[in-house]
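**Q** coords please:
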Amino acid sequence: MASATRVGKDAGESTAPKFHFGDFTVDQSRFQLQRGERRLLLEKLPMELLILLLERQGELVSREEIAERLWGKDVFVDVDHSINVAVRKIRVVLRDNPEKPLFVETIVGKGYRFTAPVILNNGDHSLQAEVMVRASTEIPSSDASATPVKTRTTSLRLTVLRAAVATLAFIAVFWAVRRANNTAVSQPPIKSIAVLPLKNLSGDSTQEYLADGLTEDLIGRLAVVPGLRVISRTSSMHFKDTQLSLPEVAKALQVDAIVEGSVIREGNQIRVHVQLIRAARDEHIWAGEYEREYRGVLALQEEVAGNIAGRIQASLVPLERTGSAPTRTVDPEAYEDYLKGRYYFNQRTVNALNKSVEYFQQAIGKDPSYALAYSGLADAYALLGFRGRLPSKDALARAKTAALKAIELDDSLADPHVSLAFLAETHEWDWARAEREYKRAIELNPDDARAHHWYAGYLTYVGKIDDGIAEEMRARELDPLSLPINNALSAGSWPAGRYDEAFEQVQKTLELDSHFPQAHQTLGWLYLNSGKRDNAIREFQTALQLSGPDDSDLMLDVGFACAVSGERNEARKILAKLKALHQKGLAASGSIGILYGALGEFDEAFAWLQKAYAERDPELTYIKIGRRFEPLRRDPRYQELVRRIGLLF
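**A** This next block holds a predicted model:
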């Protein structure tokens with residue numbers, strides 16, 4: 001490789017230059033890549049290729065030139081594949097997206113070009129890399145016959161230099177490991193961790209579900225490490241393709257360590273690269289790269305999670321080791337359908353939930369003993385029923401059947417217990433069973449933010465408001481950027497009379513996302529509760545506009561606020577719309593009963609609420625604590641309905 005010549009008082013001495021680009025530095029003398037103060041691991045061939053590209057910044061470097069530089073002219077290896085692998089490894093460590101490259105650009109069929117500005121630092125001088133490298137690689141000679149001798153001499157020197165660099169690199173790594181082992185005990189323990197979304201470097205956007213799915217699975221596998229707080233997927237996904245530094249991400253999530261990495265899929269092969277980083281100092285702790293056939297992807301995940309957990313447990317935090325259950329073999333096509341199902345489930349829209357049902361069913365069809373697919377199906381049916389897009393009884397039957405089957409196949413899964421608890425609470429009104437199932441889910445996975453979040457709702461609905469707030473705060477620790485959790489913390493505070501806290505929290509939620517409809521809905525109720533009815537109507541209308549004109553839940557709130565504010569004509573218009581949606585199966589009977597109650601027409605109200613009871617309408621879950629039922633509470637029929645639902649205890 002070419003070397004630059006130092007200019008100045010030490011002229012005549014030769015030293016390898018340092019290349020600076022972005023916040024990265026390549027130090028040729030140490031054969032080392034750094035980002036800021038943190039050293040990054042890059043193997044020998046990818047490092048040599050990166051140095052070549054840096055030396056030729058802005059120029060096309062052909063694949064033939066790369067092959068000759070890395071292996072020489074007479075080479076008997078699969079050069080094309082090896083070059084592809086080396087380029088991918090460079091992109092992984094630089095976090096470079098091949099579709100929108102910041103550093104390494106692919107010239108299809110030709111080679112590669114390093115596109116970012118490069119500064120070459122050589123002794124006391126910093127010049128553009130292009131100028132310095134070209135100057136340093138010229139071979140001044142007036143005797144053409146001498147060139148072959150100089151070329152052979154240069155080649156020999158390169159061979160010796162590479163051997164020396166390799167030896168120095170080995171020594172440097174050896175002493176770095178020694179230092180790490182000697183100081184590990186004195187390092188502060190890692191008690192919390194976040195897994196950032198793995199990057200899809202396959203060059204195929206349709207493989208995004210695979211990267212997201214593997215991220216979610218890795219989070220789930222680390223969540224069972226005792227004593228380790230693992231940030232939930234919802235918050236981690238906020239930092240997909242982030243430009244923030246790792247210390248900034250860690251500060252936002254309040255964690256000690258970060259896992260980041262990438263996924264590449266080519267046909268039946270999958271390659272995963274991950275690294276564990278101590279976040280506050282951006283200090284690299286461990287890295288691993290795994291390549292398997294796609295059929296073995298579950299075992300690969302188990303190995304990755306085990307290595308990370310082992311590193312944390314053995315060196316950084318004195319935790320009791322726990323053995324993991326052997327990974328069950330799953331049909332790879334079924335697993336792929338499961339990942340697609342989770343991908344659409346996490347989007348939470350009605351259309352996406354319906355797609356997730358299709359993929360979970362396909363996974364079950366290909367592997368009838370796949371417990372996770374049944375668990376996903378239970379979740380999807382439960383949410384579809386709760387949002388009124390399936391009749392409640394149908395949703396209850398389908399979701400419960402799927403959840404029970406998941407537990408029958410694998411009783412160590414927390415998710416189906418969460419689904420059963422949710423169904424027992426919102427559809428069956430079996431409050432004792434709901435609490436048992438929530439507690440069982442949390443016992444199986446203490447870091448399941450959704451379990452804590454939904455359990456907090458349960459505690460609030462049964463009147464244990466302070467316990468509900470404490471549980472919601474635990475959910476927020478695990479998922480600090482979750483909009484529903486932050487919003488629920490506000491919604492749960494005002495029934496306890498904590499109005500200032502509720503207002504402050506809803507403002508924080510809106511700072512996270514001012515377009516989140518449910519935060520405007522909560523703010524509307526806070527205004528209505530404090531007598532600011534015009535403000536309340538405005539916030540409810542904003543929420544409805546953001547969510548969509550057919551959102552019957554938010555439409556009900558606008559109608560309710562109008563009714564109690566004396567705008568009865570507007571309230572009746574909304575009542576007519578709700579009835580029209582009810583005929584299409586898009587609005588619940590309980591919503592119509594509530595709006596009749598706000599209008600003071602109690603006979604009509606209780607007629608519709610009796611219908612809601614027969615339909616197992618989830619709206620009645622809130623009957624004990626919900627502000628919507630306030631106008632009905634003095635009527636004896638209200639107390640009777642509360643008793644029948646099982647909330648008089």
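**Q** quick check: the residue lying closest to residue 506 once chain neighbours are set aside vs residue 68, distance?
**A** In this structure, residue 506 finds its nearest non-sequential neighbour in residue 490, 4.1 Å apart by Cβ to Cβ, 6 or more residues apart in numbering. (Glycine included, C-beta is placed from N, CA and C.) Computed with Cβ to Cβ, to the nearest Å, the distance linking residue 490 and residue 68 is 64 Å.
**Q** so these two - more neighbours on which side?
**A** Applying other Cβ atoms under 10 Å to residue 490 and residue 68 shows that residue 490 carries more neighbours, namely 26 against 14.
**Q** residues of the host helix or strand of the more buried one that come out buried?
**A** Assignment of secondary structure by DSSP states H and E places residue 490 within helix 483-493. Neighbour counts over helix 483-493 (16 or more other Cβ atoms under 10 Å) mark 483, 484, 485, 486, 487, 488, 489, 490, 491, 492, 493 as buried.
**Q** stretch 616-634 now?
**A** Neighbour count says stretch 616-634 has 616-626, 628-629, 631-632 buried, by 16+ other Cβ under 10 Å.
**Q** what pLDDT, on average, does it get?
**A** Averaging pLDDT along stretch 616-634 gives 92.
**Q** and what of stretch 108-126?
**A** The predicted model assigns stretch 108-126 a mean pLDDT of 76.
**Q** also stretch 544-551?
**A** The average pLDDT for stretch 544-551 rounds to 88.
**Q** cool, and stretch 24-44?
**A** Taken as a whole, stretch 24-44 carries a mean pLDDT of 84.
**Q** between the two ends of that stretch, how far is it?
**A** With Cα to Cα, to the nearest Å as the measure, stretch 24-44 spans 17 Å from end to end.
**Q** just the buried residues of it, please?
**A** Quick answer for stretch 24-44 (16+ other Cβ under 10 Å): 24-28, 31-35, 39-42.
**Q** quickly note the distance from residue 559 to residue 540.
**A** From residue 559 over to residue 540 the distance is 9 Å, taken as Cβ to Cβ.
**Q** I'd guessed residue 524 sits against residue 562; true?
**A** No - the criterion here is Cβ atoms under 8 Å, and residue 524 misses it with residue 562 at 11.8 Å.
**Q** give me the common contacts of these two.
**A** Residues within reach of residue 524 and of residue 562 at once, by Cβ atoms under 8 Å, 6 or more residues apart in numbering, are residue 537.
**Q** re earlier: out of the buried residues of helix 483-493, flag the one nearest to residue 505.
**A** Each of the buried residues of helix 483-493 was scored against residue 505 by Cβ to Cβ, and residue 490 proved nearest at 3.8 Å.
**Q** packing partners for the helix or strand containing residue 406?
**A** When elements are assigned from DSSP H and E, residue 406 belongs to helix 392-409. Using 3 or more Cβ pairs under 8 Å, 6 or more residues apart in numbering; DSSP states H and E, the elements in contact with helix 392-409 are helix 371-386, helix 415-423.
**Q** redo that, cut-off 10 Å
**A** Taking 3 or more Cβ pairs under 10 Å, 6 or more residues apart in numbering; DSSP states H and E as the contact definition, the neighbouring helices and strands of helix 392-409 are helix 350-366, helix 371-386, helix 415-423, helix 431-444.
**Q** and of these, who's closest to residue 104?
**A** helix 350-366 (34.5 Å).
**Q** show me which positions of that closest one end up buried.
**A** Result for helix 350-366 [16+ other Cβ under 10 Å]: buried residues 353, 355, 356, 357, 359, 360, 361, 362, 363, 364, 366.
**Q** could I have that helix exported to PDB, CA atoms only?
**A** Extracted C-alpha coordinates of helix 350-366, given in PDB (Å, rounded to 0.1, in the frame of the first residue of the first chain):
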ATOM      1  CA  VAL A 350     -56.800  -1.900  11.100                       C
ATOM      2  CA  ASN A 351     -55.600  -2.900   7.700                       C
ATOM      3  CA  ALA A 352     -52.200  -3.900   9.100                       C
ATOM      4  CA  LEU A 353     -53.800  -6.000  11.800                       C
ATOM      5  CA  ASN A 354     -55.800  -7.800   9.200                       C
ATOM      6  CA  LYS A 355     -52.600  -8.500   7.300                       C
ATOM      7  CA  SER A 356     -51.000  -9.800  10.400                       C
ATOM      8  CA  VAL A 357     -53.800 -12.200  11.000                       C
ATOM      9  CA  GLU A 358     -53.200 -13.600   7.500                       C
ATOM     10  CA  TYR A 359     -49.500 -14.100   8.000                       C
ATOM     11  CA  PHE A 360     -49.900 -15.700  11.500                       C
ATOM     12  CA  GLN A 361     -52.500 -18.100  10.000                       C
ATOM     13  CA  GLN A 362     -50.100 -19.000   7.200                       C
ATOM     14  CA  ALA A 363     -47.300 -19.600   9.700                       C
ATOM     15  CA  ILE A 364     -49.600 -22.000  11.700                       C
ATOM     16  CA  GLY A 365     -50.600 -23.700   8.400                       C
ATOM     17  CA  LYS A 366     -47.000 -24.500   7.700                       C
END
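**Q** run the chain-centre distance for stretch 412-427.
**A** 23 Å (Cα atoms, centre = their mean, to the nearest Å).
**Q** and stretch 197-210, by the same measure?
**A** Put simply, stretch 197-210 sits 13 Å off its chain's centre (Cα atoms, centre = their mean).
**Q** tell me the mean pLDDT for it?
**A** 83.
**Q** and residue 504, how close does it get to residue 482?
**A** 18 Å.
**Q** those two: which has the busier surroundings?
**A** Counted by other Cβ under 10 Å, residue 504 and residue 482 do not tie: residue 482 has more neighbours, with 23 against 12.
**Q** element containing the nearest residue to that one once chain neighbours are set aside, please.
**A** Beyond its immediate neighbours in the sequence, the residue positioned closest to residue 482 (Cβ to Cβ, 6+ apart) is residue 234, lying 4.5 Å away. Secondary-structure element containing residue 234, defined by DSSP H and E: helix 233-236.
**Q** buried residues in that helix?
**A** Residues of helix 233-236 classed as buried by neighbour count (16+ other Cβ under 10 Å): 233, 234, 235, 236.
**Q** got it, and stretch 590-605?
**A** For stretch 590-605, the buried set under the neighbour-count rule, 16+ other Cβ under 10 Å, comprises 590-599, 602, 604-605.
**Q** tell me the one of the buried residues of helix 350-366 nearest residue 519?
**A** Proximity of those to residue 519 was ranked by Cβ to Cβ; the top entry is residue 353 with 21.7 Å.
**Q** my guess is the closest one meets residue 399, correct?
**A** No - with contact defined as Cβ atoms under 10 Å, residue 353 does not reach residue 399; the gap is 11.8 Å.
**Q** can you check which residues contact both of these two?
**A** Contact with both residue 353 and residue 399 is made by residues 379, 380, 381, 382, 383, 384, 390, according to Cβ atoms under 10 Å, 6 or more residues apart in numbering.
**Q** quick check: chain neighbours aside, which residue is closest to the fifth one?
**A** This points to residue 383. residue 353 (5.9 Å).
**Q** pLDDT (mean, whole number) over the helix or strand where residue 572 lies?
**A** Of the helices and strands defined by DSSP H and E, residue 572 is found in helix 568-583. For helix 568-583, the per-residue pLDDT values average out at 96.
**Q** after that helix comes which helix or strand?
**A** The first helix or strand that comes after helix 568-583 along the chain, using DSSP H and E, is helix 589-598.
**Q** any idea of the mean pLDDT in that next one?
**A** Helix 589-598 shows an average pLDDT of 97 in the prediction.
**Q** quick check: angle from the helix or strand following it to helix 568-583?
**A** With elements assigned by DSSP H and E, the helix or strand that comes after helix 589-598 is helix 602-614. Angle of helix 602-614 versus helix 568-583, following axes from the mean of the first three to the mean of the last three Cα atoms, to 10 degrees, is 30 degrees.
**Q** who touches helix 602-614?
**A** The contact list for helix 602-614 (Cβ under 10 Å, 6+ apart) reads 392-393, 429, 575, 579, 582, 588-599, 601, 617-620, 623, 629, 631-632, 634-635, 637-638, 640-641, 644-645.
**Q** low-confidence ranges, the stretch 151-300 of the chain, go.
**A** Along the stretch 151-300 of the chain, the parts satisfying pLDDT under 70 run over 151-187.
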